[in-house]
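**Student:** Return a 3D structure for these sequence lines:
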Amino acid sequence: MADRRELFKDVKKIVVKIGTSSLTNKDGKFNRDFAKDVARQVSKLKSEGRDVILVSSGAIGTGCEALEFKERPNSIPLKQATAAVGQSILMQEWTKVFEKHGLKVAQILLTYDAFSDRKTYLNLRNSMSVLLELGVIPIINENDPICVHEIGETFGDNDTLSAMVSSKVEADLLILMTDIDGLYTKNPKKSKDAKKIPIIEDITPEIESFGGGAGNKGTGGMKTKLEAAKIAQKSGCYMVIASSEEKDLILRIMNGDDIGTLFIPTKNIEKNKIRWIRLSKPKGKIIVDEGAKKALLAHNSLLPKGVVNVEGQFEASDIVSIETDSGIFAKGISNYSKKEVEKIKGKNTDEIEAVLGYKNYNEVIKSENIGIIKK
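**Tutor:** Residues are numbered from 1 along each chain as shown. Modelled structure (predicted):
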């Protein structure tokens, strides 16, 4: 059996998805003690230099509590209205529990379109990157009030959403905190001979057949969790399904404890976005000096100081080739247009605003948006 401590020793970026059933007490009210415990564990990980992103369900449940509904609404408009009420309260609750640890939180509401449109996705990605650099905890949820799909159908109680977020921010580990302690061969609540599967490397048709329905409070059953696992595996991200009732669950997973079901990512996978960048046709060229080339090959960002010249016609968010006198060695997504790069080339980062009259980014190209072609 794989040594989880060894597997997770280099994990830097973690996405933790918290389901409705985990955030809600038996009476349907928000579980504040649980939220406090999550904040404590996340604070510990932050102190170790790890980045944590939360994907939090519970807006509808919190809204039901605030509106004093005796049961969860069925109609789409009422669900959306309830979510709109609950979302702000949900964020207030998260703000309170993280404040006690000196941490700030940021609300990010997403729809599927955020992943379909390249520029929207890049803006999201850059915003997330800056929040993490500032030490802020991004808290993500589906934007239920404006979602055009059946609530719960698009992302499945945020299971799929958390996997897509993990993929796009290139997380190392996704933890799904739920009401069951892993994937079983049968429903453990109904079958005594059900066996938990500790590690899954390949999601076969047999494994898929083990996916069951949703819980009473949430919308995401094991089927959506398996779909999330497929996305995570393809993007090179470990994923663990485990019970939120386990004490110190997040910390124990990071410690390598044998908890829940672990999904192993595809080996030697190249990140989807990097592959997309490397295979894309560039719209222009950015010529850099040897010092900048050395920095980029060491996985650093391209700063204006290292830019020597610019060719072609490109806008912000376009693919460009990155070259020296000896030829092309990388491609990347430019944060600035050709005209802007021409103006700031050779300048220090703190001069960008004086030259352009504004500063959108410190970097011409962020390190995470660079695909190396040859060294």
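**Student:** Tally up the residues packed near residue 74, please.
**Tutor:** 7 (other C-beta atoms under 10 Å). Where you see a C-beta, it was placed from the backbone N, CA and C, and this is true even at glycine.
**Student:** Check the gap between it and residue 64 for me.
**Tutor:** From residue 74 across to residue 64, the span is 12 Å (C-beta to C-beta, to the nearest Å).
**Student:** which residues do the two both contact?
**Tutor:** Overlap between the neighbourhoods of residue 74 and residue 64 is empty, taking contacts as C-beta atoms under 8 Å, 6 or more residues apart in numbering.
**Student:** in the stretch 251-375 of the chain, which spans are helices?
**Tutor:** 272-279, 290-297, 338-344, 352-356 (DSSP state H, counting those that start in this stretch).
**Student:** got JSON lines for these, with mean neighbour count and mean pLDDT too?
**Tutor:** JSON lines is the format used below for the helices of the stretch 251-375 of the chain (neighbours: other C-beta atoms under 10 Å; pLDDT from 0 to 100):
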{"stretch": "helix 272-279", "mean neighbour count": "16", "mean pLDDT": "73"}
{"stretch": "helix 290-297", "mean neighbour count": "16", "mean pLDDT": "96"}
{"stretch": "helix 338-344", "mean neighbour count": "18", "mean pLDDT": "97"}
{"stretch": "helix 352-356", "mean neighbour count": "15", "mean pLDDT": "96"}
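**Student:** could you redo those as JSON lines and give each row distance to residue 158?
**Tutor:** Compiled in JSON lines, those are given as follows (distance: least, C-beta to C-beta, whole Å):
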{"stretch": "helix 272-279", "distance to residue 158": "21"}
{"stretch": "helix 290-297", "distance to residue 158": "36"}
{"stretch": "helix 338-344", "distance to residue 158": "37"}
{"stretch": "helix 352-356", "distance to residue 158": "37"}
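**Student:** Among these, which comes closest to residue 201?
**Tutor:** helix 272-279 (19.6 Å; C-beta to C-beta).
**Student:** Remind me what the closest one packs against, helices and strands.
**Tutor:** Under the contact criterion of 3 or more C-beta pairs under 8 Å, 6 or more residues apart in numbering; DSSP states H and E, helix 272-279 touches strand 327-333, strand 370-372.
**Student:** Give me the sheet partners of the longest one and which way each runs.
**Tutor:** Spelled out, it's strand 327-333. Sheet pairing of strand 327-333 (DSSP bridges) gives strand 319-324 (antiparallel), strand 370-372 (antiparallel).
**Student:** And the contacts of it?
**Tutor:** Contacts for strand 327-333 (C-beta under 8 Å, 6+ apart): 122, 277-278, 280, 282, 285-286, 293, 296-297, 302, 317-323, 365-366, 369-375.
**Student:** pLDDT of that strand, averaged?
**Tutor:** What strand 327-333 shows for mean pLDDT is 94.
**Student:** for the last one, same thing?
**Tutor:** Over the span of strand 370-372, the pLDDT mean works out to 91.
**Student:** need the strands for the protein, in chain order.
**Tutor:** 13-18, 51-56, 105-110, 137-142, 173-178, 199-200, 238-243, 261-263, 284-288, 307-312, 319-324, 327-333, 370-372 (DSSP state E).
**Student:** a markdown table for those, including distance to residue 29 and mean neighbour count?
**Tutor:** As requested, these are exported to a markdown table (distance: least, C-beta to C-beta, whole Å; neighbours: other C-beta atoms under 10 Å):
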| stretch | distance to residue 29 | mean neighbour count |
| --- | --- | --- |
| strand 13-18 | 15 | 25 |
| strand 51-56 | 16 | 25 |
| strand 105-110 | 21 | 18 |
| strand 137-142 | 18 | 22 |
| strand 173-178 | 18 | 28 |
| strand 199-200 | 35 | 16 |
| strand 238-243 | 20 | 23 |
| strand 261-263 | 29 | 25 |
| strand 284-288 | 55 | 22 |
| strand 307-312 | 56 | 17 |
| strand 319-324 | 49 | 22 |
| strand 327-333 | 45 | 20 |
| strand 370-372 | 47 | 19 |
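**Student:** so which of these comes closest to residue 345?
**Tutor:** Short answer: strand 307-312, nearest of these by C-beta to C-beta, at 3.9 Å.
**Student:** Could you list the paired strands of that closest one along with their orientation?
**Tutor:** Sheet pairing for strand 307-312, assigned by DSSP bridges, gives strand 284-288 (antiparallel).
**Student:** ok now the partner strand, how far from the chain's centre?
**Tutor:** 31 Å (C-alpha atoms, centre = their mean, to the nearest Å).
**Student:** same check, this time on stretch 358-367
**Tutor:** 21 Å.
**Student:** Poorly predicted segments of the stretch 201-350 of the chain, please.
**Tutor:** 212-220, 267-272, 275 (pLDDT under 70).
**Student:** And the pLDDT for residue 155?
**Tutor:** Turning to residue 155, the model gives it a pLDDT of 45.
**Student:** now do the one 5 residues further on
**Tutor:** At residue 160, the predicted lDDT confidence score is 86.
**Student:** correct me, but it touches residue 231?
**Tutor:** Yes: under the criterion of C-beta atoms under 8 Å, residue 160 makes contact with residue 231 at 7.1 Å.
**Student:** Residue 100 is in contact with residue 35, isn't it?
**Tutor:** No: counting by C-beta under 8 Å, residue 100 sits too far from residue 35 to count as a contact (10.8 Å).
**Student:** out of those two, which sits in the busier spot?
**Tutor:** residue 35 (21 against 11).
**Student:** can you pull the pLDDT of that one?
**Tutor:** So residue 35 comes in at 94 (pLDDT).
**Student:** And it, how close does it get to residue 247?
**Tutor:** 15 Å.
**Student:** In contact with residue 69, which residues are there?
**Tutor:** residue 82.
**Student:** how about 10 Å then?
**Tutor:** Counting by C-beta atoms under 10 Å, 6 or more residues apart in numbering, residue 69 touches 28, 60-61, 63, 78, 82.
**Student:** related to what we said a few turns ago, distance to residue 225 added to the strands of the chain, as a markdown table?
**Tutor:** Listed next are these as a markdown table, based on distance: least, C-beta to C-beta, whole Å:
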| stretch | distance to residue 225 |
| --- | --- |
| strand 13-18 | 9 |
| strand 51-56 | 13 |
| strand 105-110 | 19 |
| strand 137-142 | 16 |
| strand 173-178 | 6 |
| strand 199-200 | 11 |
| strand 238-243 | 6 |
| strand 261-263 | 9 |
| strand 284-288 | 42 |
| strand 307-312 | 45 |
| strand 319-324 | 34 |
| strand 327-333 | 32 |
| strand 370-372 | 31 |
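**Student:** No more questions from me, cheers.
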